[in-house]
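**Student:** predicted model and sequence below, questions to follow.
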Amino acid sequence: MNIECLNIENIVGFEWDDGNIYKNEKKHGLKWQLIEEVFFNAPLLLLEDVKHSKNECRCFALGQTDDGIELFIVFTKRVDKIRVISARHMSKKERRVYEQNKKDS
């Protein structure tokens, strides 16, 4: 496990590439601004994506927007920025995990 991958306390912003910034909006109706909100709201559950962390550390984030929309986000850290790989609405299983985490924290 890469603990540093899950530490987002020193993040200063987001890094979006031209091909990825609108992909989540086209595919899932989620604007990049909405996705970024999740990282500023509690509770935020962060888990390492060990299966896809071969070349760089990838993580999952389960969290909610300012309006309470629950999202599942795959991201990586690039120095002091978050680079979102994909985002979508939480599945039922992910929502259960997130709700359980809210109760436990």
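**Tutor:** Nice, thanks for sending it over. Numbers count the residues shown, from 1 in each chain.
**Student:** tell me which element F60 falls in.
**Tutor:** Per DSSP states H and E: F60 is located in strand 58-64.
**Student:** CA atoms only: put that strand into PDB for me.
**Tutor:** C-alpha atoms of strand 58-64 as PDB (Å, rounded to 0.1, in the frame of the first residue of the first chain):
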ATOM      1  CA  ARG A  58      -4.100   5.200  -8.500                       C
ATOM      2  CA  CYS A  59      -6.800   5.800  -6.000                       C
ATOM      3  CA  PHE A  60     -10.600   5.700  -5.600                       C
ATOM      4  CA  ALA A  61     -12.500   8.500  -3.900                       C
ATOM      5  CA  LEU A  62     -16.000   8.000  -2.600                       C
ATOM      6  CA  GLY A  63     -17.600  11.300  -1.700                       C
ATOM      7  CA  GLN A  64     -20.200  13.900  -2.400                       C
END
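**Student:** could you check how far N10 is from S86?
**Tutor:** Computed as Cβ to Cβ, to the nearest Å, the N10 to S86 distance reads 23 Å. To be clear about C-beta, it is placed using only N, CA and C from the backbone, and glycine gets the same treatment.
**Student:** picking that back up, who does the helix or strand following the strand holding F60 pair up with?
**Tutor:** Next along the chain after strand 58-64, taking DSSP H and E as the criterion, comes strand 70-78. Its sheet considered, strand 70-78 pairs with strand 58-64 (antiparallel), strand 81-89 (antiparallel) by DSSP bridges.
**Student:** return the most buried member of these.
**Tutor:** strand 58-64 (a mean of 20; mean count of other Cβ atoms under 10 Å).
**Student:** check the offset of the strand holding F60 from the chain's centre.
**Tutor:** 3 Å (Cα atoms, centre = their mean, to the nearest Å).
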